[in-house]
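**Q** sharing a sequence plus its predicted fold:
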Amino acid sequence: MPQDTFIATLPPRQLPALRGWQATPAHLAYRLGPGPHLFRADAAVPKGGLMVVDDHGFDGLGQTGPLCQELLRECQARGFSGAVLDFEGRLPPLEQIAARLDDQFARRGWSLFVTERYGPHAPHARVMIPSALSGGSLQRRLEDALERFGESRVVLALEKRAEDFFLPSPTGSGQPLTPKELEELMARLSPAVFFSGELCARYFTYMSRDNGAHFVLFDDGDTLRRKVEVARRLGIHTFLAPWAEIGPYAAQLGVQRKPEQRQPRR
């Protein structure tokens, strides 16, 4: 049976929470900024694991070549085995960065992970497919990704989501709910909760005097486990997720414990 790989994104200061678990840390400590330059949010980034780079604050101006060299030097200095490009923007320079790093990382044997939008620009990279859906079928979503990118490239990006949708919802987007907000809403409504096998998520509906019908879709440890199982059945065995969201369910999801190191006898 193929071995699962779990990649846990977390800030460097939270790294002790990962101790004892067989998961690769991906450090939430880097962003692209004006210049363009690579900025590090935390000076105390440990060595090893992966770096996570987001594009918040990136204006698309300047040459991308020197920026990519900065990123490569940082990976070398920190002993990173790869990077996660958590790009949300649509600027053409981001496509150039993904393509250039894809080539450079492949030459060095490093791993590169990109969001779905940048998969076509980085043919060697692993492509992160979000687990959260507001419609359709998770299995079909992953099957489509496998057809586009191939089994060796698809990664399931687990998200523990909760959203409140107005009905009808023409955009397919709802209002995000924090865990506390979801808990308070359920305590106030005491709703009948159902499970969607297509979405692998729980849901309930309610009526508001102010704005009519609502549909609430949310995840818990069991829905995350079911999403992992759908991916495994399709041959996907790499999972990336915020440790803050999946840590409480790590054993349930199949994250293995590290073997206990025996103390030497005196």
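**A** Received it, and whenever you're ready, just let me know what you need. The shown structure was predicted, so the numbers you read here are calculated from the model rather than taken from an experiment.
**Q** switch to C-alpha atoms for all contacts and neighbour counts from now on
**A** Fine.
**Q** what's opposite residue 129 in the beta bridge?
**A** residue 156 (DSSP bridges).
**Q** any idea how many residues pack against it?
**A** Number of residues near residue 129 (other Cα atoms under 10 Å) recorded here: 20.
**Q** quick one: contacts for it?
**A** If a contact means Cα atoms under 8 Å, 6 or more residues apart in numbering, then residue 129 has 115, 116, 142, 145, 154, 155, 156, 157 as its contacts.
**Q** okay, now the last one: neighbour count?
**A** One way to gauge burial is a neighbour count; for residue 157, by other Cα under 10 Å, it gives 20.
**Q** pretty sure it contacts residue 133?
**A** No - counting by Cα atoms under 8 Å, no contact exists between residue 157 and residue 133, whose distance comes to 11.9 Å.
**Q** picking that back up, can you add distance to residue 178 and pLDDT and give the contacts of residue 129 back as JSON lines?
**A** Formatted as JSON lines, the entries for these read as follows, by distance: Cα to Cα, whole Å; pLDDT from 0 to 100:
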{"residue": "115", "distance to residue 178": "24", "pLDDT": "97"}
{"residue": "116", "distance to residue 178": "25", "pLDDT": "96"}
{"residue": "142", "distance to residue 178": "27", "pLDDT": "98"}
{"residue": "145", "distance to residue 178": "29", "pLDDT": "98"}
{"residue": "154", "distance to residue 178": "28", "pLDDT": "98"}
{"residue": "155", "distance to residue 178": "25", "pLDDT": "98"}
{"residue": "156", "distance to residue 178": "22", "pLDDT": "98"}
{"residue": "157", "distance to residue 178": "19", "pLDDT": "98"}
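**Q** which pair of those residues spans the longest distance?
**A** Spatially, the most separated pair among the contacts of residue 129 is 115 and 142, at 14.0 Å (Cα to Cα).
**Q** can I get the contacts of residue 129 in TSV including distance to residue 63?
**A** Below are these laid out as TSV (distance: Cα to Cα, whole Å):
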residue	distance to residue 63
115	22
116	24
142	35
145	32
154	30
155	30
156	32
157	30
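**Q** go through those and name the one nearest residue 196.
**A** The nearest one, if we look at the contacts of residue 129 relative to residue 196 and count by Cα to Cα, is residue 142, at 16.5 Å.
**Q** contacting residues around the helix or strand encompassing the closest one?
**A** When secondary structure is defined by DSSP states H and E, residue 142 falls within helix 138-149. Outside of helix 138-149, the residues within contact range by Cα under 8 Å, 6+ apart are 119, 127, 129, 131, 153-154, 198-200, 227, 230-231, 234.
**Q** weed out the non-buried ones from these.
**A** The neighbour count (16 or more other Cα atoms under 10 Å) marks 119, 127, 129, 131, 153, 154, 199, 200, 227, 230, 231 as buried among the contacts of helix 138-149.
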